[in-house]
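Chemist: Here is my input; please provide its structure:
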Amino acid sequence: MSINENLLYGVDLRTSDQGELIIDSSGDLAIVGGLDNLHAAIRRMLNTEHGSWFEESKYGANMNKYLSMPNTETMRRACGLEAKGSISLDPRIAEIPLIKTIKFDDTRFDIEITITPIGVDSTFNFIYPINIGGI
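Modeler: Model prediction:
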């Protein structure tokens, strides 16, 4: 089955990981579409404080509340569940079969999320890095 990824997963303005707009080589605002847009939307949702977006009060995640806590297994698990709960609200996501955290040191860890998007039978891994003291 062939799907039109731009129709299924949308098109939006391309932003950096810090949320800044990207300008393409011709001087126009860059766009992102398809599965790349889904990736960008997940990152944007996790970077947005829950309830801070005026158009949608349920949008975002409460990741910041964990960043002042010690980097323990319990805190990392809570962060992972927060991420899963937030991104599972996106209608483009069919399933989140696995979520795990990988600790690097006392100040850094990754949340690795396995995601099954709608319209396909495959999954992809999304890595969200966390730095204690700020996202």
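Chemist: Tell me the helices and strands packed up against the longest helix seen in the chain.
Modeler: Identified as the longest helix of the chain according to DSSP state H is helix 73-87. On a contact count with 3 or more Cβ pairs under 8 Å, 6 or more residues apart in numbering; DSSP states H and E, helix 73-87 meets helix 35-47, strand 93-105, strand 108-117. Just so you know, the C-beta spots here come from the backbone N, C-alpha and C atoms, and that holds for glycine as well.
Chemist: quick one, the last one and helix 73-87 angle?
Modeler: To tie it back to what came earlier, the one meant is strand 108-117. 30 degrees (axes from the mean of the first three to the mean of the last three Cα atoms, to 10 degrees).
Chemist: Please pull up the helix or strand immediately following strand 108-117.
Modeler: strand 124-131 (DSSP states H and E).
Chemist: Quick check: mean pLDDT of that next one?
Modeler: Averaged over strand 124-131, pLDDT sits at 93.
Chemist: low-confidence ranges in this structure?
Modeler: 1-3, 133-135 (pLDDT under 70).
Chemist: ok now do residue 112, which residues does it touch?
Modeler: Neighbour list for residue 112: 98-102, 125-128 [criterion: Cβ atoms under 8 Å, 6 or more residues apart in numbering].
Chemist: about what we covered before: using JSON lines, please lay out the helices and strands packed on helix 73-87 together with distance to residue 70.
Modeler: Shown next, in JSON lines, are those (distance: least, Cβ to Cβ, whole Å):
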{"stretch": "helix 35-47", "distance to residue 70": "21"}
{"stretch": "strand 93-105", "distance to residue 70": "11"}
{"stretch": "strand 108-117", "distance to residue 70": "12"}
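Chemist: All set now, cheers.
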